[in-house]
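Asks: Give me a model of this one.
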Amino acid sequence: MRQSIVRGFAPLFLLAAGTAGAAIVQHEGHVAPVHEALAKAVAAPTRTPANLARDQYRHPAETLAFFGVKPSDTVVEIWPGGGWYTEILAPYVASGGGTLYTVASGRGLNGVNQMKQANPALYGAVKTADFPAMTAEAPRVPDDTADAVLTFRNVHNWQMGERPFAAEAFRQMFAMLKSGGTLGIVEHRLPESADSALERTSGYTKLSTVRRLAEEAGFRFVGTSEVNANPKDKADHPGGVWSLPPTLQGGETDRDKYLAIGESDRMTVKFVKP
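Replies: Below you'll find the model as predicted:
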């Protein structure tokens, strides 16, 4: 059984993989299964086989259970990319009458729009908006309406480039959420002892940086889970996080070594809007 300690939140929580691929959440000796609809969404035959292969590294049922996402929630997925989590979140929130927003800028919604066109019955209800919304006219998630805002492996992008915008990204995520709403972050983890300059080039970010950005925006830290940890990853690759699968930026160079490591070591962090 894989265990994941949730730190920074008393009393202690444990998150673990249960039977039949479902997760359980244990709190003060009380064990409850992941919502049946979540287990069903993770196991859905409509998921892409290539995406299913990544579950061993991304643990979607355990991750969403840790964040406390309910099928009746209004959920915002920040920068969905090719829609890896969208495949799970869309049917999950639809099962409970919830609402899913996928938000990005420019071509960042191409993957989701293709999903909507290919399967409107499953993804047609997914709403889209700009993120970050940089003009008053940009479509955006209305303030104080979301129960959960989730972003997976994106914070490093907001710190890179000529014009980093991480502070504004966190400010806009804070604005979307209702009081008491959850911000859930999964991010490639840079060791605290590493040179912070690597956050601008390597694709890895320190937990202390994520906490600082969130708390400066007004969030309260709840805790972390080790469900997406990978001790094989030392975050010291010449090509940064992109050396690892699924990118394998180096091609055949050290391919077997990087496949043996697997996907990156990741922090899984939960915040709340007071």
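
Asks: For the one helix or strand Leu122 maps to, buried residues please.
Replies: In this assignment (DSSP states H and E), Leu122 forms part of helix 120-123. By neighbour count with 16 or more other CB atoms under 10 Å, helix 120-123 contains the buried residues Leu122, Tyr123. For glycine as for every other residue, the C-beta is placed from the backbone atoms N, C-alpha and C.

Asks: ok, now stretch 126-142?
Replies: Val126, Thr128, Ala129, Asp130, Phe131, Pro132, Ala133, Arg140, Val141.

Asks: can you list these in JSON lines and add distance to Val75?
Replies: JSON lines is the format used below for these (distance: CB to CB, whole Å):
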{"residue": "Val126", "distance to Val75": "10"}
{"residue": "Thr128", "distance to Val75": "13"}
{"residue": "Ala129", "distance to Val75": "13"}
{"residue": "Asp130", "distance to Val75": "17"}
{"residue": "Phe131", "distance to Val75": "14"}
{"residue": "Pro132", "distance to Val75": "18"}
{"residue": "Ala133", "distance to Val75": "18"}
{"residue": "Arg140", "distance to Val75": "15"}
{"residue": "Val141", "distance to Val75": "10"}
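
Asks: helix or strand right after the helix holding Leu122?
Replies: With elements assigned by DSSP H and E, the helix or strand that comes after helix 120-123 is strand 127-130.

Asks: Spell out which two among the buried residues of stretch 126-142 are the most distant pair, please.
Replies: Val126 and Pro132 (19.3 Å; CB to CB).

Asks: Now do the end-to-end distance for stretch 182-200.
Replies: Distance between the two ends of stretch 182-200: 27 Å, counting by CA to CA, to the nearest Å.

Asks: what about it, average pLDDT?
Replies: Regarding stretch 182-200, the rounded mean pLDDT is 97.

Asks: and the gap between Ala148 and Trp242?
Replies: To Trp242, Ala148 is 28 Å away according to CB to CB, to the nearest Å.

Asks: scratch that, Met173
Replies: For Met173, the distance to Trp242 - CB to CB - is 25 Å.

Asks: Enumerate the residue intervals of the chain where per-residue confidence is below the cut-off.
Replies: Residue ranges of the chain with pLDDT under 70: 1-34.

Asks: Would you mind finding the longest strand in it?
Replies: strand 177-188 (DSSP state E).

Asks: which of the residues in it are buried?
Replies: Leu177, Gly181, Thr182, Leu183, Gly184, Ile185, Val186, Glu187, His188.

Asks: Give the bridge partners for the fifth one, please.
Replies: Think Gly184. Beta-bridge partners for Gly184, by DSSP bridges, are Leu150, Lys270.

Asks: isn't it right up against Asp147?
Replies: No. Contact criterion CB atoms under 8 Å: Gly184 and Asp147 do not qualify, at 11.1 Å.

Asks: Identify the contacts common to the two.
Replies: Val69 (CB atoms under 8 Å, 6 or more residues apart in numbering).

Asks: Not counting its neighbours along the chain, what's nearest the residue positioned nearest the centre of the chain?
Replies: Compute the mean C-alpha point of the chain, and by CA atoms, centre = their mean the closest residue is Phe152, 2.7 Å away. Beyond its immediate neighbours in the sequence, the residue positioned closest to Phe152 (CB to CB, 6 or more residues apart in numbering) is Val186, lying 4.6 Å away.

Asks: Next, count neighbours for Thr86.
Replies: By the criterion of other CB atoms under 10 Å, Thr86 has 21 neighbours.

Asks: Need phi/psi at it.
Replies: phi -60, psi -40 (degrees, to the nearest 10).

Asks: can you check the one 3 residues further on too?
Replies: Backbone torsions for Leu89, taken as degrees, to the nearest 10, come to phi -70, psi -40.
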